[in-house]
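Trainee: Using only what follows, build the 3D model:
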Amino acid sequence: MAEKIRCLCRRCAIGGLRWPVILVLLGFLLFLDRWNMRYGFEQLFPLLFIVFGGMKAAEALASAEGHASG
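Mentor: Below is the predicted model of the structure:
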């Protein structure tokens, strides 16, 4: 059975962090909404798009040196 090659390039590292960061931010926004803080989910949900776009931009601009394909 072939072993899966784990890529350690910066592009893949950033890509691997995208969804955990989005989920933590989503949880934080729902927490603020639940506790009736000054700003709720309705005002802050665009932050999800900003963070997602920022992570995609960082991934696209990151070096792929040492990328292990396959």
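Trainee: Would you indicate which residues of stretch 16-30 are buried?
Mentor: Buried residues in stretch 16-30, counted by 16 or more other Cβ atoms under 10 Å: 18, 25, 29. C-beta here means a position set from N, CA and C on the backbone, and glycine is covered the same way.
Trainee: so the second one touches residue 49, yeah?
Mentor: In this case it means residue 25. No - here residue 25 does not reach residue 49: they are 10.6 Å apart, not a contact under Cβ atoms under 8 Å.
Trainee: which other helices and strands contact the worst-scoring helix or strand of the chain on mean pLDDT?
Mentor: When the helices and strands of the chain are compared on mean pLDDT, DSSP states H and E, helix 41-44 comes out lowest with a mean of 87. Under the contact definition 3 or more Cβ pairs under 8 Å, 6 or more residues apart in numbering; DSSP states H and E, helix 41-44 sits against helix 10-34.
Trainee: I'd like the mean pLDDT over the helix it packs on, please.
Mentor: Mean pLDDT, computed over helix 10-34, is 90.
Trainee: ok, now stretch 48-65?
Mentor: Stretch 48-65 comes out at a mean pLDDT of 92.
Trainee: quick one, what contacts the spatially most central residue of the chain?
Mentor: Nearest to the mean C-alpha position of the chain, by Cα atoms, centre = their mean, lies residue 18 at 1.9 Å. When contacts are counted by Cβ atoms under 8 Å, 6 or more residues apart in numbering, residue 18 touches 52, 55, 56, 59.
Trainee: I'd like the residues you listed as TSV, with neighbour count and secondary structure appended.
Mentor: Formatted as TSV, those follow (neighbours: other Cβ atoms under 10 Å; DSSP: H, G, I helix; E, B strand; the rest coil):
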residue	neighbour count	secondary structure
52	15	helix
55	17	helix
56	13	helix
59	18	helix
